[in-house]
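# quick one: sequence and predicted model below, then my questions.
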Amino acid sequence: MNRLLRAPFRPVTYSRWLHLCVPLLLLALWMFINPRWPWMPLLIVIPFGFVPWVRLAEGLQARFLLTPQDRESEESGISSAPSVRWADRWRTVLWLEIRLVVSGAAMFATVSLPVITVELVATALGHPLDPDPAVPFLPPPWAAALLAPLPLLVLIVVVVLLGDLITAIAQRLLGPSAGERLSALEARTEQLLERTRIARELHDSIGHALTVAVVQAGAARAADDPEFTDRALNAIEETGRAALEDLERVLLVLRESTQPPSQRPTLVEADRLLESARASGAAVDARLTGPLEKLPGPVTREGYRILQEALTNVLRHCGPVPVRVRVEMAVDRLDLEVTNPLPERPTVTTGGGSGLRGMRERAALLGGQADTGPHEGGWRVRARLPLERIR
């Protein structure tokens, strides 16, 4: 009831009324040509329903007039694309037929109900009516004065109900097809995956750089050695410059979503990570075996990020402790292992623990696995990435 009372003050009521009245132009034109066959427009619109761009025009018109509040978004439930499949064309034909029928009902209400109001007002004022009045019965003047506003109220109710009906039909017949819904879902999934990848890239590269900088600055202040401080500042500068390069790559992906990502660091550049960890005071025992330059792109890039996150966690949680790094390229997989002892007093850090989960996710995306946890009194990160399925 409240909705019907608010209907005269809502703009959507009149935009839907306009949408109902648009087909009246065709009906009125045909009635002027041949009023003996009023059903002929139902046949005339059938060929137009098979034209692909008619669905686009009908969808845009329905969006602007039936759902003006959601016309710029997909919340309207009405597609704005031409017909691609025959199922879409048949739905468009059915939409045109139903729209003409509903518009005919709207035309009858729009014309007859105001006429009844005029005749009731004339009766209340004592003016004679036409020989064939629209009023089904002639009430006395005092009753006609009371009943005069009723047809206009009925007209508002009819317009609201027909507007709701035609909107529901439009969302059903002009809404996205199954193929369009699947394409939209795939695009949304790709967007979410890209956002997750970008967040992981930022976490790994920037988090590593900040961790190295914090450890280097703390070690330089504790050492109180000008020579060590100079080396620490150089390490901070190199790590910061590398982080800026990674940040530029990620920002380029954000700015140009259609452009493929730039080349990310690979395991061939692992020496940069190892030297950064050594400059932070960690004694790194590294052994990289096999032709790493021949690794598939996804494996070498994700392997680099896993190694980076593992070294970052060592510096962040354990400080400059001895680290053992083993990277070996086998026939069918890449083995990566990082182990370190656990200090008696772990370094106090703040922030979440998404790094370990990120390593496991990276390995899982390649069909491999990453295990993290205590091992022989220390901590171990071990990842196995398959090569055959990537090739």
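Yes, it's here.
# on contacts alone, who are the packing partners of the helix or strand hosting residue 288?
Using DSSP states H and E, residue 288 sits in strand 284-289. With contacts defined as 3 or more C-beta pairs under 8 Å, 6 or more residues apart in numbering; DSSP states H and E, the packing partners of strand 284-289 are helix 270-279, strand 323-329. Where C-beta positions appear, they are placed from N, C-alpha and C, glycine not excepted.
# looking at these, which is nearest to residue 295?
strand 323-329 (6.5 Å; C-beta to C-beta).
# could you dump that closest one to PDB, C-alpha only?
Provided in PDB are the C-alpha atoms of strand 323-329 (Å, rounded to 0.1, in the frame of the first residue of the first chain):
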ATOM      1  CA  VAL A 323      70.500 -20.200   6.300                       C
ATOM      2  CA  ARG A 324      70.800 -23.200   4.000                       C
ATOM      3  CA  VAL A 325      69.400 -22.900   0.500                       C
ATOM      4  CA  ARG A 326      69.200 -25.800  -1.900                       C
ATOM      5  CA  VAL A 327      67.700 -25.300  -5.400                       C
ATOM      6  CA  GLU A 328      67.900 -28.300  -7.700                       C
ATOM      7  CA  MET A 329      66.400 -28.900 -11.200                       C
END
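# mind showing which ranges of the stretch 201-350 of the chain have poor pLDDT?
Counting by pLDDT under 70, the stretch 201-350 of the chain has low-confidence residues at 201, 204-205, 246, 248-263, 345-350.
# now do the helices in it.
226-255, 270-279, 297-317 (DSSP state H, counting those that start in this stretch).
# ok now the first one, how far from the chain's centre?
Computed by C-alpha atoms, centre = their mean, to the nearest Å, the chain-centroid distance of helix 226-255 equals 33 Å.
# report the angle between it and helix 270-279.
140 degrees (axes from the mean of the first three to the mean of the last three C-alpha atoms, to 10 degrees).
# then the last one?
Using the same axes, to 10 degrees, the interaxial angle of helix 297-317 with respect to helix 270-279 works out to 0 degrees.
# list the buried ones in helix 297-317?
299-317 (16 or more other C-beta atoms under 10 Å).
# secondary structure element for the residue nearest to residue 68 when sequence neighbours are not counted?
Sequence neighbours aside, residue 15 is the residue nearest to residue 68 in space, at 5.5 Å (criterion: C-beta to C-beta, 6 or more residues apart in numbering). Per DSSP H and E: residue 15 is located in helix 11-21.
# roughly how far apart are residue 7 and residue 158?
11 Å (C-beta to C-beta, to the nearest Å).
# and the strands in the protein?
284-289, 323-329, 333-341, 369-375, 378-386 (DSSP state E).
# for the residue lying closest to residue 229 once chain neighbours are set aside, what are its contacts?
Excluding its sequence neighbours, the residue lying closest to residue 229 (C-beta to C-beta, 6+ apart) is residue 220, at 4.3 Å. Listed by C-beta atoms under 8 Å, 6 or more residues apart in numbering, the contact set of residue 220 reads 228, 229, 232, 233.
# the last one: neighbouring residues, count only.
Residue 233 has 14 neighbours, counted by other C-beta atoms under 10 Å.
# which residues does it contact?
216, 220.
# how does it look with 10 Å?
Residues in contact with residue 233 (C-beta atoms under 10 Å, 6 or more residues apart in numbering) are 213, 216, 217, 220.
# just residue 86 next, same as before
If you count contacts by C-beta under 10 Å, 6+ apart, then residue 86 has residue 50 around it.
# quick one: it and residue 243, what's the gap?
According to C-beta to C-beta, residue 86 stands 55 Å off from residue 243.
# with residue 165 instead?
Applying C-beta to C-beta to residue 165 and residue 243 gives a distance of 59 Å.
# quick one: which of those two has more around it?
Under the neighbour definition other C-beta under 10 Å, residue 165 and residue 243 were set side by side, and residue 243 has more, 19 against 15.
# pretty sure that one is touching residue 265, no?
No. When contacts are counted by C-beta atoms under 10 Å, residue 243 is not listed as touching residue 265 (11.1 Å).
# picking up where we left off before, which of the contacts of residue 220 are buried?
If you count burial by 16+ other C-beta under 10 Å, the buried members of these come out as 229, 232.
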